[in-house]
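Asks: Give me coordinates for this.
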Amino acid sequence: MSKKILIATPLYPPDIGGPATYAKTLEIELPKRGLVVSIVSFSSVRHLPKGFSHLAYFFKLLKAAWRADLIFALDPISVGLPAHAVSKLLGKPLYVKIVGDFAWEQLQIKIKNNELRIKGFVNLEKFQTEKFDFLTELRRWVERHVAKSANKVIVPSEYLKTIVKQWGVKEEKISIGKPILKNINLKLKIIGEEKGRKIDILKYKAKSRYRRRLGFRPIYSRLKIERLG
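Replies: So this is what the prediction gives:
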């Protein structure tokens, strides 16, 4: 009998982003290897208020997980936390894919928006050993708890493996995603720059008339691979 894998993903086409592309690729490729794949996307409940959306997603996962042999969460928080709860409730193995430190990323946004009394950039290594505001510490606890409870944690690089080990995850539980290119010489040429879609930032203060709208268009470099070998 084919093994059934339930993929919990924060994004799924027509959403745009790495998790959406990765989830779709798994949906296409894994059945070629004799596996049965089902997908539950957080996008289906994203319109709900925070808290309610995670609760609704938990019940969607719970319903789908009865028939699954393994749950694979593509992040440790938005889908990772509900997947962790379902895994514990049903006794299903949980694999978690971690491509960054979400708590650290959100802290950088707060610093940039002057929401915290922190000056300058806090690098990822320094973040692992220092304490910050309540919400940042809550996010940190969630992602670390989910990672430590998972049967397997998948990361994209040796560097991120060292970070996840600092979370208390045992080294034997951490796998680096494959394929990995080793001893490769890559020659790139910048052939131009272009502006991306405008990103709007809205700031307001409750019980006041303070409203501020900011926006910018990120600049991307267009690269050409001239040599790979």
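
Asks: Nearest residue to residue 187 in space, please, no chain neighbours.
Replies: residue 227 (4.0 Å; C-beta to C-beta, 6 or more residues apart in numbering). Backbone N, C-alpha and C define where each C-beta goes, glycine included.

Asks: so that neighbour is in which element?
Replies: strand 219-228 (DSSP states H and E).

Asks: Pull out the buried residues from stretch 126-136.
Replies: Of the residues in stretch 126-136, 127, 132, 136 count as buried by neighbour count, 16 or more other C-beta atoms under 10 Å.

Asks: Name the next helix or strand downstream of the helix or strand of the chain with the lowest mean pLDDT, please.
Replies: When the helices and strands of the chain are scored by mean pLDDT, DSSP states H and E, strand 199-204 comes last with a mean of 72. Sequence order places strand 211-216 as the next helix or strand after strand 199-204, per DSSP H and E.

Asks: pLDDT wise, what is the nearest residue to residue 190 once chain neighbours are set aside at?
Replies: Nearest residue to residue 190, sequence neighbours excluded (C-beta to C-beta, 6+ apart): residue 221, at 5.3 Å. pLDDT, residue 221: 78.

Asks: Please apply the same query to residue 210.
Replies: 77.

Asks: which residues touch it?
Replies: Residue 210 makes contacts with 203, 204, as judged by C-beta atoms under 8 Å, 6 or more residues apart in numbering.

Asks: Tell me which residues touch residue 81, please.
Replies: Counted by C-beta under 8 Å, 6+ apart, residue 81 has contacts 54, 142, 146.

Asks: Tell me if residue 136 really is in a helix.
Replies: Yes: counting by DSSP: H, G, I helix; E, B strand; the rest coil, residue 136 is located in a helix.

Asks: What helix or strand is the nearest residue to it once chain neighbours are set aside located in?
Replies: Here the nearest residue to residue 136 in space, its sequence neighbours aside, is residue 107; by C-beta to C-beta, 6+ apart that works out to 5.1 Å. Assigned by DSSP H and E, residue 107 belongs to helix 102-112.

Asks: since we're on residue 12, how many residues are nearby?
Replies: 22 (other C-beta atoms under 10 Å).

Asks: same deal with residue 63?
Replies: Burial measure for residue 63: 11 neighbouring residues, criterion other C-beta under 10 Å.

Asks: Just the pLDDT at residue 147, thanks.
Replies: At residue 147, pLDDT is 96.
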